[in-house]
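> Predicted model and sequence below, questions to follow.
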Amino acid sequence: MTVTEPKPRYKYVGTRPVRHDGLEKVTGRARFAADLNMSGQLHGIVVRSPHAHARITSIDTSQAEAMPGVKAVITGDDFPAVEPGHRQYDMCVNVIARDKVFYEGHAVAAVAASTRDQAQAAAAAVKVEYEVLPAVLTIDQALAQDAPVLHAHMMTAGANPPAEEPSNISNITRFSSGTDMDAGFAEADLVIEREFTTQPVHQGYIEPHACVADTGQDGHTTIWCSSQGHFNVRSSTATLLGWENTRIRVIPAEIGGGFGGKTTVYLEPLAVALSAKAGRPVKMVMTRDEVFRATGPAPGTKLRIKLGVQSDGSLVAGDAYLIYTNGAYAGPGGLLGAMTVFESYKIEHFNIEALDVVINTARSAAYRAPAAPLTAFAMETMLDEIATELGIDAMELRLKNAVTEGDPSTMGFPFARIGFVECLEAVRGHPHFTAPLGPNQGRGLAAGYWFNIGESSSATVNLNEDGTATVVTGSPDIGGSRASMALMAAEELGIDPHDIRPVVGDTEAVGFTDTTEGSRATFATGMAVVEACRKMVAELRGRAAKMMGADVDDVDWVDGQAVYTGSDGTKDPLSVAAICAKAKRTGGPLTATGSLEAHGAGPGFAVHLCDVEVDQETGVVRVVRYTASQDAGTAIHPSYVEGQIQGGVAQGVGWALNEEYIYDSDGVMENPSFLDYRVPVASDLPMIDAIIVEVPNPAHPYGVRGVGETGIVPPIPAVANAIYNATGCRIRDLPMSPIRVLEAITANGGSNGS
Amino acid sequence: MSRVHVTCTINGDPAEFLCDGGQTLLDALRDEAGLTGAKEGCGTGDCGACSIVMDGRLLCSCLVLAPEAEGTTISTVEGMASGDDLHPLQQCFLEGAALQCGVCTPGFLVAAKALLDRNPDPTETEIRYGLAGNLCRCTGYDKIVRAVQTAAQTINETTES
C-alpha cells in the first residue's frame, strides 16, 4: 500500500476485521431474494416479445386465465396510462409495454399461478398479435436519413437549432473550452484522429433479478427484492401503479451483485400488480436468458477522437465526437462519455459533441463507471500511439499531462485534491513496471477516471442496553459496505467494530437513502453514519456529565470513554456500557440520526499495468500479470477496497477480450447464456496486484473517495496497449477476441510485423 | 402427473422429498428440502452457483433431475461446517475477504472442497482450473484463490500434526 500523506492514526479505520454479514454468506444461510418464500405464494412469469420492434395489435388473455392454477394475468392495460413527457415515461413503458414493443424480450404481459410450471404454460397461452416493424439495430441504421423512428415523440434534447422533426437521437451534449479549435490544432506538432467501435456488454451479476410482493386487502404491499436501491424500487413501483409511497414497503434482501444493473426496476411493479389482482403473495425470478435479453446492457459506441500534441508531449487540442446507444430509450451514455473523455488530462482547447441514440435493443442500465471505460479505451490507446510516435515514454507522457489540484475539469470547476499523479508514480515504482517480458508478451499502461457521486443518505445509531450499538443505514451492501459503516462508527464511538451491528434498514426503518450507485455508499452513507455518531457522542458526554455531577464542557470523549477534564477533583471515566446501563435515569434511550445530501465526492483515478501473452497462431490473448493502483482517499477496510479494484479489473478484462451482445439480423440476441456470453473465469486471470493510494478527500471526515467504479475504467486500454506491444497491432474495435486479434496480426504481415 | 418420492442422504442426515419428474435437483433441494444455499445463477450448468457433491462427484445440481438423487449421498454448503466449527475453507474465505456479494460463495466453497479432497496441495494453476466452472463477477478471483491456498495449508498442517 502506498500512503502519500501522513494520516491521522486511527484505531479501527484501515483495519481488516471479518465482515459482519460474512458468516451467513459462507454457510449458505444468507437470504437472497430468490431464497424467500411466503405462505400461499404464487409464481409469476413474464410474457416477452419475440420481436425487436412491433406494434401490439391485440392481447388475448382469456385462454391463459382459464388454465389450471392461474390466479392473475396482467397487461399494460392494468397500469395507469402514461404519456410521453411523464418524468419516468421510459421506465414505465419499459417495465411493461403499452402499444409497442421496442426490443426482443420486452415485457408485454405477466401471469401468476400456483406453480411455476403452471405459470409458464399459461404465459405461453397468452395470445399477442403483433404488427412487426422494421428494426433499427445499429448506430448507423439509427442515424440513416430514412431510418424508422422508434419514438414519434423523440425530439432531440440539446439540439441547436432545436429539433423540428422526431429522430432516433435522444440527446446531444456539447462541451467546449470556448477557444478557437483551429488555432489549437495549429499549435500542435502532431495531430492524430482515430475511430473506435464497441458493443453492448452485460453487467453479468451472478444473481438474476428476483422479488416477492405481498399485497394485502388494505391495498398496502410489501416487496422483498434484490436491488441496489430499495427506496428507488418503492418510488418507481409507486409511479408505475399510481400509488402513494406509503402503500409500499420495500425490504432489501441480500443482493447477488449489481454493478449498476440493479439500480432500476423490472419485476417489482409486475409482482405487486399480480399480487393485488390475485390477493396472494407473488414471487418472480428471472432466468439467465431473461436477464440477458431484458435487462442490463451497457451501451455500445462509435467514438471518433482527434488529438493535437506538441513535440514535447504537451496535449494542446482535443476534439471528440461520441455516439452511444442506450438501447430502446433515452439514456445518459453520451453525456457521461462527454464528461469523462478529456477529464484526466490538461487540454487547453477542446470540443466535445456526444449523441445518445436509440435502437431496438434492451434499454441500457448503468454499469460501473458508465461510459468511462470506452472513452478511456479511445483516449488511452491514442496516448500510447502519440508516445510511440514522439518517442516519449508512455508513463512520462501521462505524468506530463495529468490533471492535478486546481486544474479545471471539462465542466469548468477546478479539481480539489486528487491522486492521479500519485497513482501513476505508484505504478512506476512497482517492480512490475521494470520486470522483463517473455516471448510474445507485451505490456500496456492505461489510466482511468470516474467522478463519483454523493446524493442523499440517512443513518441511525442506536446504543443498546449493554453498550453495544446498532447502525442502521439505507444503503444495500453490494460489496462489504456494512463493514465500512461499522468501522467508521467504531472509530467515532470508540467501541470495537464487532460490538456494532451494521444493518441495512427497509424503507420504513430508516430515512430516505439514494441507491447504492456512483461509488457513494462508503462516502455518503459513511458521512451520515459519522454525523449520527458525533451527535451520539455529544449525547453521551451529556449523560456522563449528569452521572458525574459535572458540567458537560468538562467531559471529553476519549477512546470510547467519557473522561472528566474539570478541576474539581478526579472522577472515574465512564464507558459506553456504563452510560447505557443508566440511560433510563439520565434521559432515556440513546438514539441519534444523521441525514444529509453529501457533496464533494472526490474523483477517483486509477492506473493499471497489464502484461499479455498473445498466441500468434490463434490470436488468443492471455493476461499474465496485472497491477492496479487506485486512489481510495482513505481505505476504511483495505481488503474490500482491494476487492473492488480486483473485481473491476476482471470485468474490464472480460469487456476487452470476450464480452459482447450478438444479435441476428432481426434483433434477436444470439448469445443469451454464460456459455455463449463468456465472462472471465479463474483460469483466465492471474493474481491482480492492487495498490491502494491514499490521497484523502478533503470533503469526507475520514478522507474517503468512492472506490467501486474507477477500477473498471483502465483495463480495456491497458489490455489493448499490451496487445500492441506484443504484436505491433492496434485494435480499435471491441472485443479483442481471438479472431479479431488474428485478423490484425495477419493483416500486419504476421507476428510483430510492424 | 404423480410426484416422485426420493430418499437420499443430505449432509449426513437421512432425507426424503417429493418432486416432479422433470424438476431439477437444485429446485428440489431449494423448494422441497428447504436448502437454499445452492443458488441458480444460470440454470444451464455454466456458473457453478448450484454446485453440490453427489456420491463423491462435484456437479451442477441444475443439470441433475431430482429423481436421480434416489439412494445417493449429497453434500451442500449447509453441511460444510461441523457444529460451531467452520470448515477451514469457510474460515479462510471470511478472513481473506474472498467474497463480496456472496451469491457465488456457496458454489465456490463446495467446488473448492471437492478440489482439496482430491488434490490436497494444489498449485495456483490447479486451483484456477479446478474452480473454472464457477463464476464470480465481484472479486476477480484473486482473494478466492488465495483463500483456497491458505485453507489447503491449514488443512495440511492440521493433518500432519
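Received it, and whenever you're ready, just let me know what you need. Numbers count the residues shown, from 1 in each chain, chains lettered A, B, ... in the order given.

> Is it correct that A:Asp48 is in contact with A:Thr295?
One correction, residue A:48 is Arg, not Asp. No. A:Arg48 is not in contact with A:Thr295 according to CB atoms under 8 Å; the separation is 11.6 Å. Heads up, the C-betas are built off the backbone N, CA and C, glycines and all.

> neighbour-wise, which of these two wins?
A:Thr295 (24 against 21; other CB atoms under 10 Å in any protein chain shown).

> Cross-check the contact I'm expecting between the more buried one and A:Asp289.
No. Taking contacts as CB under 8 Å, A:Thr295 lies outside contact range of A:Asp289: 11.0 Å.

> burial measure for A:Tyr10, as a count.
That count, for A:Tyr10 with other CB under 10 Å as the rule, works out to 15.

> quick one, what contacts it?
A:Tyr10 is in contact with A:Glu491, A:Tyr702, counting by CB atoms under 8 Å, 6 or more residues apart in numbering or on different chains.

> repeat for the one 3 residues further on
Residues in contact with A:Val13, defined by CB under 8 Å, 6+ apart, are A:Leu487, A:Met488, A:Glu491, A:Thr634, A:Ile636, A:Tyr702.

> Do a quick rundown of the helices in the stretch 401-550 of chain A.
With DSSP state H, counting those that start in this stretch as the criterion, the stretch 401-550 of chain A has helices at A:420-428, A:481-493, A:526-548.

> Tell me if the second one is near chain B.
Pointing back at helix A:481-493 there. No. Using CB under 8 Å from any CB of the partner chain, helix A:481-493 never reaches chain B; the gap is at least 8.9 Å.

> Show the pLDDT at residue 59.
All of this is about chain A. Listed pLDDT for A:Ile59 reads 98.

> I was thinking of chain B, sorry if that wasn't clear
97.

> So which residues of chain B form helices?
B:25-27, B:88-95, B:105-118, B:124-130, B:142-160 (DSSP state H).

> Output the ones you listed as TSV; include the columns mean neighbour count and mean pLDDT.
Listed next are these as TSV, based on neighbours: other CB atoms under 10 Å in any protein chain shown; pLDDT from 0 to 100:
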stretch	mean neighbour count	mean pLDDT
helix B:25-27	24	98
helix B:88-95	23	98
helix B:105-118	24	98
helix B:124-130	17	98
helix B:142-160	19	95
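
> Redo these as TSV? Include distance to A:Thr138.
Output for the helices of chain B, formatted as TSV (distance: least, CB to CB, whole Å):
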stretch	distance to A:Thr138
helix B:25-27	38
helix B:88-95	44
helix B:105-118	37
helix B:124-130	37
helix B:142-160	37
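
> need these in TSV with distance to chain A, can you?
Listed next are the helices of chain B as TSV, based on distance: least, CB to the nearest CB, whole Å:
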stretch	distance to chain A
helix B:25-27	8
helix B:88-95	4
helix B:105-118	5
helix B:124-130	4
helix B:142-160	5
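
> So which bits of the stretch 451-600 of chain A are right by chain B?
A:Ile478, A:Gly479, A:Gly480.

> from those residues, which has minimum pLDDT?
A:Gly479 (86).

> Identify the residues contacting the residue nearest the centre of chain B.
With distances taken as CA atoms, centre = their mean, B:Val110 lies nearest the centre of chain B, 2.6 Å away. By CB under 8 Å, 6+ apart, B:Val110 lies in contact with B:Ala38, B:Ser51, B:Ile52, B:Val53, B:Leu58, B:Ser75, B:Thr76, B:Val77, B:Met80.

> One more: A:Thr634?
A:Lys7, A:Val13, A:Gly14, A:Glu694, A:Pro696, A:Asn697, A:His700, A:Tyr702, A:Gly703, A:Val704.

> Also A:Gln561?
A:Gly494, A:Pro573, A:Leu574, A:Ser575, A:Val576.

> since we're on the closest residue to chain A within chain B, how many residues are nearby?
Nearest residue of chain B to chain A: B:Gly37, at 2.3 Å (CB to the nearest CB). By the criterion of other CB under 10 Å, B:Gly37 has 26 neighbours.

> before we move on, what about the one 5 residues further on?
Look at B:Cys42: counted by other CB under 10 Å, it has 24 neighbours.

> How confident is the prediction for the nearest residue to it once chain neighbours are set aside, by pLDDT?
Closest residue to B:Cys42 apart from its sequence neighbours, by CB to CB, 6 or more residues apart in numbering or on different chains: A:Arg288 at 4.2 Å. Looking at A:Arg288, its pLDDT reads 98.

> hang on, A:Arg288 packs against B:Gly43?
Yes. With contact defined as CB under 8 Å, A:Arg288 reaches B:Gly43; the gap is 6.1 Å.

> Could you name every residue contacting both of the two?
With CB under 8 Å, 6+ apart, A:Arg288 and B:Gly43 have no common neighbours.

> ok so, going back, can you pull the contacts of the residue nearest to B:Cys42?
A:Pro208, A:Pro672, A:Ser673, A:Phe674, B:Gly41, B:Cys42, B:Gly43, B:Thr44, B:Cys47.

> Can you give me the distance of it to A:Phe674?
7 Å (CB to CB, to the nearest Å).

> okay, and the common contacts of these two?
With CB under 8 Å, 6+ apart as the test, A:Arg288 and A:Phe674 both reach B:Gly41, B:Cys42, B:Thr44, B:Cys47.

> Now do the third one, the pLDDT please.
At B:Thr44 the predicted local distance difference test score is 98.

> same deal with A:Gly412?
pLDDT at A:Gly412 comes out at 89.

> Kindly report the same for the one 3 residues further on.
A:Phe415 is assigned 96 on the pLDDT scale.

> contacting residues around it?
A:Val403, A:Thr404, A:Glu405, A:Gly406, A:Asp407, A:Pro408, A:Ser409, A:Pro603.

> Just the buried residues of stretch A:552-560, please?
For stretch A:552-560, burial by neighbour count (16 or more other CB atoms under 10 Å in any protein chain shown) applies to A:Asp554, A:Val555, A:Trp557, A:Gly560.

> got a markdown table for the residues you listed, with secondary structure too?
Putting those into a markdown table (DSSP: H, G, I helix; E, B strand; the rest coil) gives the following:
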| residue | secondary structure |
| --- | --- |
| A:Asp554 | helix |
| A:Val555 | strand |
| A:Trp557 | strand |
| A:Gly560 | coil |
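
> Distance to A:Leu137 added to those residues, as JSON lines?
Formatted as JSON lines, the buried residues of stretch A:552-560 follow (distance: CB to CB, whole Å):
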{"residue": "A:Asp554", "distance to A:Leu137": "74"}
{"residue": "A:Val555", "distance to A:Leu137": "69"}
{"residue": "A:Trp557", "distance to A:Leu137": "62"}
{"residue": "A:Gly560", "distance to A:Leu137": "61"}
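
> Please identify the one among these that lies nearest to A:Thr591.
Nearest to A:Thr591 among those is A:Trp557, at 17.2 Å by CB to CB.

> Quick check, the closest one in contact with A:Gly542.
No. A:Trp557 is beyond contact range of A:Gly542, at 10.8 Å (criterion: CB under 8 Å).

> Out of the contacts of A:Val13, who's the most crowded?
Counting neighbours by other CB under 10 Å, A:Met488 leads the contacts of A:Val13 with 31 neighbours.

> Am I right that that residue is in contact with A:Gly526?
Yes. Using CB under 8 Å, A:Met488 is in contact with A:Gly526, at 5.2 Å.

> Give me the common contacts of these two.
Common neighbours of A:Met488 and A:Gly526 (CB under 8 Å, 6+ apart) are A:Ile636, A:Tyr702.

> Out of the contacts of A:Thr634, the closest to A:Gln644 would be?
The closest of the contacts of A:Thr634 to A:Gln644 turns out to be A:Val704 (CB to CB; 12.5 Å).
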